[in-house]
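Visitor: here is my input, please return the structure:
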Amino acid sequence: MPPFGSHVLKFCEAPALGAGREADEAYIRKATVPFFHPVGTCRMGADDRAVLSPSLQVRGTENLWVADASIFPRHIAGNTNATSIMIGERAADLIHP
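Guide: Model (predicted):
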């Protein structure tokens, strides 16, 4: 499509034009990956079902903390990068006050 269409020389490993729906689907399945940020796999909370304490320490362990997007209770509306950085900074304060 314009304005970049004239600059595309070829699609790498794409099926030949007219190869059919099956070839197109196989290419799409091979060439695409999800771009989501998994979160919520290591729940933080004060109840017994939470994996982490509110101080990010793994329950039932010593000297083991989690400080990444896995502590999110659910996915946020935006990118997880800034929030993960904030969690890391807070964890540093909690672990080494």
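Visitor: from here on, contacts and neighbour counts on C-alpha atoms
Guide: Will do.
Visitor: this protein: helices as residue ranges?
Guide: 21-31, 81-95 (DSSP state H).
Visitor: nearest to Cys42, out of those?
Guide: Cys42 sits nearest to helix 81-95 of all those, at 13.5 Å, using C-alpha to C-alpha.
Visitor: residues making contact with that closest one?
Guide: Here helix 81-95 makes contact (C-alpha atoms under 8 Å, 6 or more residues apart in numbering) with 55-56, 67-69.
Visitor: same deal with stretch 1-18?
Guide: Residues from elsewhere that reach stretch 1-18 (C-alpha under 8 Å, 6+ apart): 23-24, 27.
Visitor: quick check: end-to-end length of that stretch?
Guide: Stretch 1-18 stretches 19 Å from its first residue to its last (C-alpha to C-alpha, to the nearest Å).
Visitor: just the buried positions in that stretch, please.
Guide: Within stretch 1-18, the residues scored as buried using 16 or more other C-alpha atoms under 10 Å are Pro15.
Visitor: what pLDDT, on average, does it get?
Guide: Per-residue pLDDT values over stretch 1-18 give a mean of 81.
Visitor: before we move on, the earlier item: wait, which of the contacts of helix 81-95 is closest to Ala46?
Guide: So of those, ranked by how close each gets to Ala46 (C-alpha to C-alpha), first place is Ser55, at 9.7 Å.
Visitor: for that closest one, which non-adjacent residue is closest in space?
Guide: Nearest residue to Ser55, sequence neighbours excluded (C-alpha to C-alpha, 6 or more residues apart in numbering): Leu94, at 6.4 Å.
Visitor: find the residue at the geometric middle of the chain.
Guide: Centroid-nearest residue in the chain: His37, 1.7 Å away (criterion: C-alpha atoms, centre = their mean).
Visitor: measure that one to Ala82 for me?
Guide: Counting by C-alpha to C-alpha, the gap from His37 to Ala82 is 13 Å.
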